[in-house]
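A.B. asks: Below are the sequence and a predicted model for it; my questions follow.
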Amino acid sequence: MTHLPHSDSLRMTVACAVVTISDTRSKETDKSGQLIQQLLQSAGHTIEAYMIIKDEPALIQQQVTGLGKNANLDAIIINGGTGIAPRDSTYDAIENLLEKILPGFGELFRFLSYQEIGPRAIASRAVAGVYQRKLIFSLPGSSPAVKLGMEKLIIPELPHLVTQLNQAS
């Protein structure tokens, strides 16, 4: 089945922030953060901010809150910390910040992941929503999961979702 892009998808540049949640990665070893940036730029979008922060709920909330105040940003794409290990706190940190949740993102991400990795997909707490008129997507930290989420879900719908957010209320 071929999915045609929305008409606004063909010509809109989306300003994005990329946030990696990790206790161990550096800019040199953050393959998933680099992949997100490459895929966004290849699709014609811009990277306005990039950071790696520790998997600490207060730090995650502080960064997302700060990025939410940036009028130049349209979307924040987070990777890492979405599992169920004791240090995985991204979902817990951002879920309460989200003003609107896009449940279809997590549902579709887990469905697509299941097709690739089987029942291990149930451990993913990937989530998306809206905070301060910005889209937030939270993906697992593995590069295959990032590639899947970016190529199959985020990049195809990013311009359309930003257009919807920017409609006059």
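C.D. replies: Alright, I've got the coordinates. Numbers count the residues shown, from 1 in each chain.
A.B. asks: so what's residue 85 scoring on pLDDT?
C.D. replies: We have a pLDDT of 88 for residue 85.
A.B. asks: pretty sure it belongs to a helix, no?
C.D. replies: No. Residue 85 is assigned coil when assessed by DSSP: H, G, I helix; E, B strand; the rest coil, not a helix.
A.B. asks: Distance of it relative to residue 70?
C.D. replies: Distance of residue 85 to residue 70, given as Cβ to Cβ, to the nearest Å: 30 Å. The C-beta positions use only the backbone N, C-alpha and C, and glycine is treated the same way.
A.B. asks: Same question for residue 47.
C.D. replies: According to Cβ to Cβ, residue 47 and residue 70 sit 13 Å apart.
A.B. asks: residues shared between the contacts of these two?
C.D. replies: Taking Cβ atoms under 8 Å, 6 or more residues apart in numbering as the contact rule, residue 47 and residue 70 both touch residue 17.
A.B. asks: what does the helix or strand bottoming out on mean pLDDT in the chain contact?
C.D. replies: Across the helices and strands of the chain, mean confidence by mean pLDDT, DSSP states H and E is lowest for helix 90-95: a mean of 94. By Cβ under 8 Å, 6+ apart, the list of residues contacting helix 90-95 from outside reads 21, 55, 57-58, 60-61, 64, 78, 80-82, 101, 125, 127, 129, 131, 136, 138.
A.B. asks: which helices and strands sit right next to the helix or strand that that helix is followed by?
C.D. replies: As assigned by DSSP states H and E, the chain's next helix or strand after helix 90-95 is strand 100-101. In terms of contacts (3 or more Cβ pairs under 8 Å, 6 or more residues apart in numbering; DSSP states H and E), strand 100-101 is packed against strand 127-131.
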